[in-house]
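*Asks:* Generate coordinates for the sequence data below:
(one chain, ligands or ions: 1)
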Amino acid sequence: MAGNKTLAIIKPGAVERNLIGPILAKINEAGFVIKALKYTKLKKEQACEFYAVHEGKPFFEDLTDFMSSSPIVAAILEKENAVNNFRKLIGATDPLEAEEGTIRRLFAESKTHNAIHGSDSDENAIHECDFFFSRVERF
Ligand SMILES: Nc1ncnc2c1ncn2[C@@H]1O[C@H](COP(=O)(O)OP(=O)(O)OP(=O)(O)O)[C@@H](O)[C@H]1O
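*Replies:* Residues are numbered from 1 along each chain as shown. Got it, this is the predicted structure:
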């Protein structure tokens, strides 16, 4: 059975452009419940750890520089089939390919500066929620 939680990150760029409110509103309108929420900033090494699966890819340096460049908002979101439903809500990685009405279509600037992250599997969702939130921050 699909899990009911996913990890979202409002990325640098979207936070700088004052899009925390509009993006959280879209998330709520789509029926996700915010179970944990954090405003923080990644160090470069933490961004590299978070995106370790992409190490060696041509965009890795740019991606991890960007993700550690300014504050982000991390959130644990709950809904049935959370991972897949949230990936539908955020849209394709490249905003030019993202469907009308998706968060990336509405708010992303480019493929790297694409406003938001969503976990890509239940297994990664658990791992990513643990990366950002301690046990006492989740109830
Ligand atoms: N070809 C690329 N050029 C530039 N940046 C890229 C490219 N592919 C991926 N990225 C960046 O790396 C992130 C992680 O890539 P991934 O393939 O996991 O995409 P995603 O699952 O759509 O995004 P995320 O994991 O952030 O939700 C993307 O969100 C994007 O910011």
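*Asks:* quick one: which helix or strand includes residue 73?
*Replies:* Assigned by DSSP states H and E, residue 73 belongs to strand 72-78.
*Asks:* which secondary structure elements does that strand contact?
*Replies:* The contact analysis (3 or more CB pairs under 8 Å, 6 or more residues apart in numbering; DSSP states H and E) places strand 72-78 against strand 5-10, helix 20-29, strand 33-40, helix 122-132. (Glycine included, C-beta is placed from N, CA and C.)
*Asks:* what mean pLDDT does that strand have?
*Replies:* In this model, strand 72-78 has a mean pLDDT of 98.
*Asks:* Stretch 119-131 now?
*Replies:* Averaging pLDDT along stretch 119-131 gives 97.
*Asks:* what does stretch 55-67 give?
*Replies:* Computed over stretch 55-67, the average pLDDT equals 97.
*Asks:* per-residue confidence for residue 7?
*Replies:* So, for residue 7, pLDDT stands at 98.
*Asks:* how many neighbours does it have?
*Replies:* If you count neighbours by other CB atoms under 10 Å, residue 7 ends up with 26.
*Asks:* Now do the contacts for it.
*Replies:* Listed by CB atoms under 8 Å, 6 or more residues apart in numbering, the contact partners of residue 7 are 74, 75, 76, 77, 117, 118, 119, 125, 128, 129, 131, 132.
*Asks:* part of a helix, is the fifth one?
*Replies:* By that I understand residue 117. No. Residue 117 is assigned strand when assessed by DSSP: H, G, I helix; E, B strand; the rest coil, not a helix.
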